[in-house]
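*Asks:* coords please:
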Amino acid sequence: MSAFYFFLITIPFLALSFLVYRALKNRQRGQSPKKVLLSQLAGFALILILTSALTFSVSAASEGTQAQEPQEETVAVAGNNSLGLGLIAAAVVTGLAGIGGGIAVAAGAPAAIAATSEDPKSFGKSLIFVALGESIALYGVVISILILNKL
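*Replies:* Model prediction:
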């Protein structure tokens, strides 16, 4: 069964890598960004559905083998599932907050540099906007720490 778990881990990674490669190739060919984005979203949805179906089939197969075992071990497995979901939630919060902070800084920092080059007195005001963008990522880390403390 370990080979199947290895397959479960590597296939989505390889598929996402293929989607990124294909998007870069299509972008170089001059395809419109809307078509590239739609193809990326469709591929991601397909990978999400495939991974979910494989995960549910593995969990259903493991439930069939656990039916013969005592009740105490099934309770321990349920606790491990909640631990896993908590870890996934903390990772998603940190990742999305980091992406959001990166987008905010990517928009704010060049504008702050441009404003400072025109008027050096505006450095303090523009620095505040860049720091606000960075604080989004810090808020995500704080929330993930709170999630991890509840586990």
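*Asks:* show me the shaky parts of the chain.
*Replies:* Judged by pLDDT under 70, the chain has its weakly predicted residues at 1, 4-5, 8, 57-81.
*Asks:* now the helices for it?
*Replies:* Applying DSSP state H to the chain gives helices spanning 2-28, 33-66, 71-118, 123-150.
*Asks:* is it possible to get JSON lines of the ones you listed that adds mean neighbour count?
*Replies:* C-beta coordinates here come from the backbone N, C-alpha and C atoms, glycine included. As requested, the helices of the chain are exported to JSON lines (neighbours: other C-beta atoms under 10 Å):
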{"stretch": "helix 2-28", "mean neighbour count": "12"}
{"stretch": "helix 33-66", "mean neighbour count": "12"}
{"stretch": "helix 71-118", "mean neighbour count": "13"}
{"stretch": "helix 123-150", "mean neighbour count": "14"}
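*Asks:* surely residue 47 and residue 16 touch.
*Replies:* Yes: using C-beta atoms under 8 Å, residue 47 is in contact with residue 16, at 6.5 Å.
*Asks:* contacts only, for residue 113.
*Replies:* Taking C-beta atoms under 8 Å, 6 or more residues apart in numbering as the criterion, residue 113 is in contact with residue 126.
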